[in-house]
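In: Fold the following, please.
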Amino acid sequence: TILYQTGLLFALCLCVSAFHTWPKDQSYLCKRPSTVNNFDWNKFSGPWLTAARDITKPEDEAFFSTATCANVNVWPSNSSWSINVLIGGEIPDITGPYYPLTPNKGLIRIYWTARKTYYNFAVTCTDYTSYAVAYLCGYTSDYSKTEFTLLLVRDIKEFDRIKNSADYRKCVAQTANNPVDKIIRVQHNQCTNY
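Out: So this is what the prediction gives:
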């Protein structure tokens, strides 16, 4: 009766759990680039323009293929981040909270709320005033890896000068699948979202 039904339900749950693969954090499969020592999130905060992007997952590349006017913001005061970008004239919701992993090394875990996906966000190099390289890696709900290398600048007009630096190219090579000159540029013409 009730005891029998409870026992049957318990046995059914055990069978289901034995054959079901439960989601696991797979961020250990992401690249482990070196990051900035003694990183200062307050100096890093504020708007960064995405000058170029290297994306590994075809679905993400398709989604961001028409992206223009992209900028990244990280706010230490309220532990939040956002990416403002125009895609086909629309501004998708690319925002969420972040959690420190090793904040003094430029490594945080961000949560893209609309996508329900956690990403490791690593700043691999920066001078805080003109350039930064960020590597983002996470796993989507279908357990597929999604990676982005973002080449960030404070002034988009300076990117061509910055990208020719040997140190900058070495930093980009840690995470990008393509050399700097082959990475897709993000256009910043007639931007209305920042």
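In: C-alpha only now, for contacts and for neighbours.
Out: Will do.
In: how about the strands of this structure, start to end?
Out: Along the chain, the stretches classed as strands by DSSP state E are 46-55, 67-75, 80-87, 95-102, 107-112, 117-126, 131-139, 145-153, 184-185.
In: Show me the one of those strands that comes nearest Ala166.
Out: strand 117-126 (12.7 Å; Cα to Cα).
In: can you redo the strands of the chain as CSV with mean pLDDT, mean neighbour count and distance to Arg32?
Out: Formatted as CSV, the strands of the chain follow (pLDDT from 0 to 100; neighbours: other Cα atoms under 10 Å; distance: least, Cα to Cα, whole Å):
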stretch, mean pLDDT, mean neighbour count, distance to Arg32
strand 46-55, 93, 23, 16
strand 67-75, 89, 21, 21
strand 80-87, 86, 20, 21
strand 95-102, 84, 17, 13
strand 107-112, 87, 22, 11
strand 117-126, 91, 22, 9
strand 131-139, 92, 24, 9
strand 145-153, 92, 23, 12
strand 184-185, 93, 16, 23
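In: Columns distance to Leu29 on top of those, output as JSON lines?
Out: Putting the strands of the chain into JSON lines (distance: least, Cα to Cα, whole Å) gives the following:
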{"stretch": "strand 46-55", "distance to Leu29": "16"}
{"stretch": "strand 67-75", "distance to Leu29": "25"}
{"stretch": "strand 80-87", "distance to Leu29": "24"}
{"stretch": "strand 95-102", "distance to Leu29": "16"}
{"stretch": "strand 107-112", "distance to Leu29": "15"}
{"stretch": "strand 117-126", "distance to Leu29": "11"}
{"stretch": "strand 131-139", "distance to Leu29": "9"}
{"stretch": "strand 145-153", "distance to Leu29": "8"}
{"stretch": "strand 184-185", "distance to Leu29": "24"}
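In: per-residue confidence at Thr56?
Out: At Thr56 the predicted local distance difference test score is 89.
In: mind listing what the residue nearest in space to the middle of the chain touches?
Out: Per Cα atoms, centre = their mean, the C-alpha nearest to the average position across the chain is that of Leu136, at 3.2 Å. Shown here is Leu136, whose contacts under the criterion Cα atoms under 8 Å, 6 or more residues apart in numbering are 119-122, 147-149.
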